[in-house]
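Peer 1: sequence first, then the predicted structure:
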Amino acid sequence: MRPAGRKVWAIPGGHIPLRTTGPEPEETSSDTVCLLNTGDRDAAVEIRVYYEDREPVGPYRLTVPARRTRHIRFNDLIDPEPIPLDTDFAAVVISDLPIVVLFARKDTSRAENAIAATLAFPCD
């Protein structure tokens, strides 16, 4: 079977709220990239982060094992530098193999928590 997905994906609307309500870490506000590799080989993935007022940062490098999913909170990306809170950003996900990318946001900045998810934009 041919692996599902594409090699390049764009996420134009990132923003990790500064404020969090509820217990941490399970109720920490976060943006998450969910990666699915249906192929028979591990996928080498790079994430580059773009900002309104400064140069892009990255790549953040990770591996998605064959026939597995991996969820990465943007809050946890620290090398080459942490993603700043309360700052608009966008991201491009580049993989050496086809993968599927979903973007999810958990906003706990108010007592009424919000969760939203959308498929990233396939670019290739």
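Peer 2: Arrived safely.

Peer 1: tell me the contacts of residue 52?
Peer 2: residue 88 (C-beta atoms under 8 Å, 6 or more residues apart in numbering). Just so you know, the C-beta spots here come from the backbone N, C-alpha and C atoms, and that holds for glycine as well.

Peer 1: any figure for the gap between it and residue 65?
Peer 2: 34 Å (C-beta to C-beta, to the nearest Å).

Peer 1: paired strands for the lengthiest strand in the chain, with orientation please.
Peer 2: Ordering each strand of the chain by length in residues (DSSP state E) puts strand 88-107 first. In the sheet, strand 88-107 lines up against strand 6-15 (antiparallel), strand 30-37 (antiparallel), strand 43-51 (antiparallel), strand 114-119 (antiparallel) (DSSP bridges).

Peer 1: now do the buried residues in that strand.
Peer 2: 89-95, 97-103, 105-107 (16 or more other C-beta atoms under 10 Å).

Peer 1: run the chain-centre distance for it.
Peer 2: Centre-to-centre, strand 88-107 and its host chain are 4 Å apart (C-alpha atoms, centre = their mean, to the nearest Å).

Peer 1: let's see it as PDB, backbone CA atoms only.
Peer 2: The C-alpha coordinates for strand 88-107 follow below in PDB (Å, rounded to 0.1, in the frame of the first residue of the first chain):
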ATOM      1  CA  ASP A  88       1.300  34.500  16.600                       C
ATOM      2  CA  PHE A  89       3.200  32.000  14.600                       C
ATOM      3  CA  ALA A  90       2.900  29.700  11.600                       C
ATOM      4  CA  ALA A  91       4.700  26.400  10.800                       C
ATOM      5  CA  VAL A  92       5.800  24.300   7.800                       C
ATOM      6  CA  VAL A  93       6.200  20.600   8.400                       C
ATOM      7  CA  ILE A  94       8.500  18.900   5.900                       C
ATOM      8  CA  SER A  95       8.900  15.100   5.800                       C
ATOM      9  CA  ASP A  96      11.100  12.800   3.700                       C
ATOM     10  CA  LEU A  97       8.100  10.500   3.300                       C
ATOM     11  CA  PRO A  98       4.400  11.100   2.900                       C
ATOM     12  CA  ILE A  99       2.700  11.700   6.200                       C
ATOM     13  CA  VAL A 100      -0.700  13.200   7.400                       C
ATOM     14  CA  VAL A 101      -0.600  16.300   9.600                       C
ATOM     15  CA  LEU A 102      -3.400  17.600  11.900                       C
ATOM     16  CA  PHE A 103      -3.200  20.800  13.900                       C
ATOM     17  CA  ALA A 104      -4.900  21.000  17.300                       C
ATOM     18  CA  ARG A 105      -5.300  23.800  19.800                       C
ATOM     19  CA  LYS A 106      -6.200  23.500  23.500                       C
ATOM     20  CA  ASP A 107      -7.100  26.800  25.000                       C
END
